[in-house]
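Visitor: this is a predicted model, with the sequence first.
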4 protein chains.
Amino acid sequence: MTADSLEQLRTRLAQFAADRDWDQFHSPKNLAMALIAEAAELVEHFQWLTEEQSRALAPQVHREVAMELADILIYLVRTADKVGVDLIAAAGEKIEINEQRYPVDKVRGKAKRASEYDR
Amino acid sequence: MTADSLEQLRTRLAQFAADRDWDQFHSPKNLAMALIAEAAELVEHFQWLTEEQSRALAPQVHREVAMELADILIYLVRTADKVGVDLIAAAGEKIEINEQRYPVDKVRGKAKRASEYDR
Amino acid sequence: MTADSLEQLRTRLAQFAADRDWDQFHSPKNLAMALIAEAAELVEHFQWLTEEQSRALAPQVHREVAMELADILIYLVRTADKVGVDLIAAAGEKIEINEQRYPVDKVRGKAKRASEYDR
Amino acid sequence: MTADSLEQLRTRLAQFAADRDWDQFHSPKNLAMALIAEAAELVEHFQWLTEEQSRALAPQVHREVAMELADILIYLVRTADKVGVDLIAAAGEKIEINEQRYPVDKVRGKAKRASEYDR
């Protein structure tokens, strides 16, 4: 019996899909497509904004962005559930990899893609 | 003092960025780009698989998919943090909207885009 | 017998797939996934660059960006072919729609998403 | 004076942007975002369809898909123009690379990501 928010979300979304008999459509392949479509709706909000403007959203846009972020989380949790991945454990593991890959003294203040640090 | 996994992740990622002086690059605009790039790496794993195959991944692919899901979560949490959105609250709100939009008796067993139900 | 570059590309890509017996994998669904994955590789090149920097790419990056643009065109032409769409005719039609939607005197110097002009 | 369809499209889109004073917004960074957002609208049409269904679209969906493909081409041509890339030349070059990377006798009837052929 967990009170963890992400685990509660996973259970609720599984119930939502079961109630609608939607598991048949929720293959990881299809869910990955839905996930990237939601990510693109987020991108759309920012495409004509400067970086500066994206840091200070008008209330209406902020609200819409919050709903896009929610959609992404929903499909992310759903995909992880169907693939059988513990999101929090995976993220913890990935952060450790990133700590090795981007040591503070090597990358401080520099933004590059990982592949570029060794050029 | 929370033990919630998502809140712990948010704090840890904020520290990771601060240590590297990366907040200057982490505008919501840039983070949304990074997020969709990670979502695409997930999509890439599934693009030539059948839905059936995507439901039963080989161990090596499963592992890689887990790391892609982790990357998506990392950028999602980071974007939400910089925009000032509570992901769990937003998801809860969005699920309630979806419950209205997709009533069980209307959509059971049917997969359509929201805009198509009223056609 | 056409000399049009896009039509020649369509024919060459159809042959490329036929030679490899790849039509079985080239459903529009799968091709759309491959297309967005390539679009994301383009995005990746720009995610940590300022807009200014993206306007003046280093030769090595310019070369890589050219190859990403090529990949996108390849999958776009391939998708259109499999769906049975004449890309040039469709683009011509879409531009006419855009000319109606974005009349010069209304949108001059303003970048908004279409849905925002009527707010 | 060329009659090539893609070159004509490039010129027409440059004029469209110039008329609206939109070049200021059309940095390669922003255009890449717009491009992937359009690619996602294509993906959305296919996300709940089987591959089989995606091969036989209803007329209304076919029409919408054609317009999405047009949008992708429009932003692709525009991005290439602003970056200074000859799309057709780049695609030709990329196909030659692919012919080396995917020799017929090695890949016939097999769909894998390039990185997987050597596993």
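Guide: On my side now, so go ahead. Because the structure is a prediction, the values reported are computed rather than measured. Residues are numbered from 1 along each chain as shown, chains lettered A, B, ... in the order given.

Visitor: look at A:Glu96 and report its pLDDT.
Guide: pLDDT for A:Glu96: 97.

Visitor: so it is in which element?
Guide: Element membership for A:Glu96, per DSSP states H and E: helix A:87-101.

Visitor: helices and strands around that helix, which ones?
Guide: With contacts defined as 3 or more CB pairs under 8 Å, 6 or more residues apart in numbering or on different chains; DSSP states H and E, the packing partners of helix A:87-101 are helix A:59-83, helix B:5-19, helix B:59-83. C-betas here are computed from N, CA, C, even on glycine.

Visitor: extract the C-alpha set from the helix or strand that comes right after it and format it as CSV.
Guide: Going down the chain from helix A:87-101, the next helix or strand is helix A:104-107, by DSSP H and E. This file holds the C-alpha atoms of helix A:104-107, laid out as CSV (Å, rounded to 0.1, in the frame of the first residue of the first chain):
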residue,chain,number,x,y,z
VAL,A,104,31.1,18.8,-13.1
ASP,A,105,34.6,20.1,-13.7
LYS,A,106,34.5,19.1,-17.4
VAL,A,107,31.1,20.4,-18.4
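
Visitor: for helix A:104-107, which positions count as buried?
Guide: Using 16 or more other CB atoms under 10 Å in any protein chain shown as the test for burial, helix A:104-107 gives A:Val107.

Visitor: that one close to chain B?
Guide: Yes - counting by CB under 8 Å from any CB of the partner chain, contacts between helix A:104-107 and chain B involve A:Val104, A:Val107.

Visitor: one step back: let me know the angle separating the helix holding A:Glu96 from helix A:59-83.
Guide: Orientation check (axes from the mean of the first three to the mean of the last three CA atoms, to 10 degrees): helix A:87-101 against helix A:59-83 gives 100 degrees.

Visitor: who's in contact with helix A:87-101?
Guide: A:6, A:76-77, A:80, A:114, B:5-6, B:9, B:12-13, B:16, B:66-67, B:69-71, B:73-74 (CB atoms under 8 Å, 6 or more residues apart in numbering or on different chains).

Visitor: can you say which of these are buried?
Guide: A:6, A:76-77, A:80, B:5-6, B:9, B:13, B:16, B:66-67, B:69-71, B:73-74.

Visitor: check the offset of the helix holding A:Glu96 from the chain's centre.
Guide: 15 Å (CA atoms, centre = their mean, to the nearest Å).

Visitor: buried sites along it?
Guide: A:Leu87, A:Ile88, A:Ala90, A:Ala91, A:Lys94, A:Asn98.

Visitor: tell me the one of these nearest A:Lys110?
Guide: The nearest member of the buried residues of helix A:87-101 to A:Lys110, counting by CB to CB, is A:Asn98 at 14.6 Å.

Visitor: and chain A, which residues reach chain D?
Guide: Proximity of chain A to chain D (CB under 8 Å from any CB) is limited to residues A:25, A:30, A:33-34, A:36-37, A:39-41, A:43-44, A:46-48.

Visitor: what's the farthest-apart pair in the buried ones among the contacts of helix A:87-101?
Guide: A:Val77 and B:Phe16 (22.1 Å).

Visitor: for chain C, see how far away A:His62 is.
Guide: A:His62 is 15 Å from chain C, where distance means CB to the nearest CB, to the nearest Å.

Visitor: likewise for A:Glu52?
Guide: 11 Å.

Visitor: what sits against that residue?
Guide: B:Ser27.

Visitor: sorry, back to before: highest neighbour count among the residues of chain A next to chain D?
Guide: In terms of neighbours by other CB atoms under 10 Å in any protein chain shown, the residues of chain A next to chain D top out with A:Ala39 at 35 neighbours.

Visitor: need the contact list for that residue.
Guide: A:Ile72, B:Ala32, B:Leu35, B:Ile36, B:Ala39, D:Ala40.

Visitor: mind listing what the closest residue to A:Ser27 other than its chain neighbours touches?
Guide: Setting aside the residues directly before and after it, A:Ser27 is nearest to B:Glu51 in space (CB to CB, 6 or more residues apart in numbering or on different chains), at 3.8 Å. Each residue near B:Glu51 by CB under 8 Å, 6+ apart is listed here: A:Ser27, A:Lys29, A:Asn30, D:Thr50.

Visitor: those residues, buried ones only, as a ChimeraX selection?
Guide: Listed next is the ChimeraX selection for buried residues among the contacts of B:Glu51, using 16+ other CB under 10 Å:
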select /A:27,29,30
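
Visitor: still on that earlier bit, just the angle between the helix holding A:Glu96 and helix B:5-19, please?
Guide: Using the same axes, to 10 degrees: helix A:87-101 against helix B:5-19 is 10 degrees.

Visitor: convert helix A:87-101 to PDB, retaining C-alpha atoms only.
Guide: Taking C-alpha atoms only, helix A:87-101 is exported to PDB below (Å, rounded to 0.1, in the frame of the first residue of the first chain):
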ATOM      1  CA  LEU A  87      10.200   4.900 -14.000                       C
ATOM      2  CA  ILE A  88      11.700   6.200 -10.800                       C
ATOM      3  CA  ALA A  89      14.200   3.400 -10.600                       C
ATOM      4  CA  ALA A  90      15.100   3.900 -14.200                       C
ATOM      5  CA  ALA A  91      15.500   7.700 -13.700                       C
ATOM      6  CA  GLY A  92      17.700   7.100 -10.700                       C
ATOM      7  CA  GLU A  93      19.900   4.800 -12.700                       C
ATOM      8  CA  LYS A  94      20.100   7.300 -15.600                       C
ATOM      9  CA  ILE A  95      21.100  10.100 -13.400                       C
ATOM     10  CA  GLU A  96      24.000   8.100 -12.100                       C
ATOM     11  CA  ILE A  97      25.100   7.400 -15.700                       C
ATOM     12  CA  ASN A  98      24.800  11.200 -16.500                       C
ATOM     13  CA  GLU A  99      26.900  12.000 -13.400                       C
ATOM     14  CA  GLN A 100      29.700   9.900 -14.900                       C
ATOM     15  CA  ARG A 101      29.200  11.200 -18.400                       C
END
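
Visitor: okay, A:Arg55: pLDDT?
Guide: For A:Arg55, the predicted pLDDT is 98.

Visitor: which residues does it contact?
Guide: So A:Arg55 contacts B:Ser27, B:Pro28, B:Lys82 (CB under 8 Å, 6+ apart).

Visitor: cheers, nothing more for now.
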